[in-house]
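Enquirer: Quick one, structure for this:
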Amino acid sequence: MYDLTGEDVPPALREQAAEFLGDEDVPFERYASEDVYEAEVEKVWAHTWQWACREERLRGADAKIRAFANCCPHRGMQIVGSRETGRGRQFLRCPFHGIFFELDGRLREIPCRWDFPRVQEENFGLDELPCDVWGGLVFVNPDKNASPLAEYLDGQEI
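Expert: Below you'll find the model as predicted:
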């Protein structure tokens, strides 16, 4: 089978060929609508493996790569700001109450511990997310029930 240029197209590329849906302009509202945004977050981004960084950019002390939801389990405060890289950190710290977490997600320290009587250390770590490496690329999925990355990639190898 040939494409419009007369080039022979490999069968593997035809197996997942997208259906042509036309070439009309996409309405501006698709880019600016809060409803469209919320639907994309819920139906796509909250369940999709997403590329995070190169593997050589990070490693824990135990040589395991981990990903966590970027919020403190106490009040949901963002731990690492959008303009921060987190590179070179020895721990993670919530800026709201100053609660410290180890890079493996375990609770390290709660300043003014007496002020948090209901916090149980063993249940107060960061929320770990599925994380995997493919070809030196680190992928994260916000969905804890996500299928493994290799399955998502359909066994593709580099």
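Enquirer: Could you give the bridge partners of the residue most central in space within the chain?
Expert: In the chain, the C-alpha nearest the mean C-alpha coordinate belongs to residue 140, at 3.6 Å (C-alpha atoms, centre = their mean). Beta-bridge partners recorded for residue 140 (DSSP bridges): residue 50, residue 131.
Enquirer: what about the nearest residue to residue 111 once chain neighbours are set aside, is that helix, strand or coil?
Expert: Spatially, and ignoring its direct neighbours in sequence, residue 111 is nearest to residue 98 (4.6 Å; C-beta to C-beta, 6 or more residues apart in numbering). Yep, even glycine has a C-beta here, placed from its N, CA and C like the rest. Under DSSP: H, G, I helix; E, B strand; the rest coil, residue 98 falls in the coil class.
Enquirer: ranges for the helices of the protein?
Expert: Residue ranges of the helices in the chain, as given by DSSP state H, are 11-15, 29-32, 34-43, 149-152.
Enquirer: and among those, the most buried is which?
Expert: Across the helices of the chain, the average number of neighbours (mean count of other C-beta atoms under 10 Å) peaks for helix 149-152, which reaches a mean of 14.
Enquirer: Which secondary structure elements does that one sit against?
Expert: In this structure, helix 149-152 packs against strand 131-134, with contacts taken as 3 or more C-beta pairs under 8 Å, 6 or more residues apart in numbering; DSSP states H and E.
Enquirer: The strand it packs on: how far from the chain's middle?
Expert: 11 Å (C-alpha atoms, centre = their mean, to the nearest Å).
Enquirer: Show me what that strand is packed against.
Expert: Helices and strands touching strand 131-134, by 3+ C-beta pairs under 8 Å, 6+ apart, are strand 137-140, helix 149-152.
Enquirer: ok, and what's touching the last one?
Expert: With C-beta atoms under 8 Å, 6 or more residues apart in numbering as the test, helix 149-152 has contacts from 49, 130, 132, 134, 139, 141, 146.
Enquirer: could you dump that helix to PDB, C-alpha only?
Expert: Output of helix 149-152 as PDB, limited to C-alpha atoms (Å, rounded to 0.1, in the frame of the first residue of the first chain):
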ATOM      1  CA  LEU A 149       3.800   1.200  31.000                       C
ATOM      2  CA  ALA A 150       5.100  -1.700  28.900                       C
ATOM      3  CA  GLU A 151       1.500  -2.800  28.300                       C
ATOM      4  CA  TYR A 152       0.500   0.800  27.500                       C
END
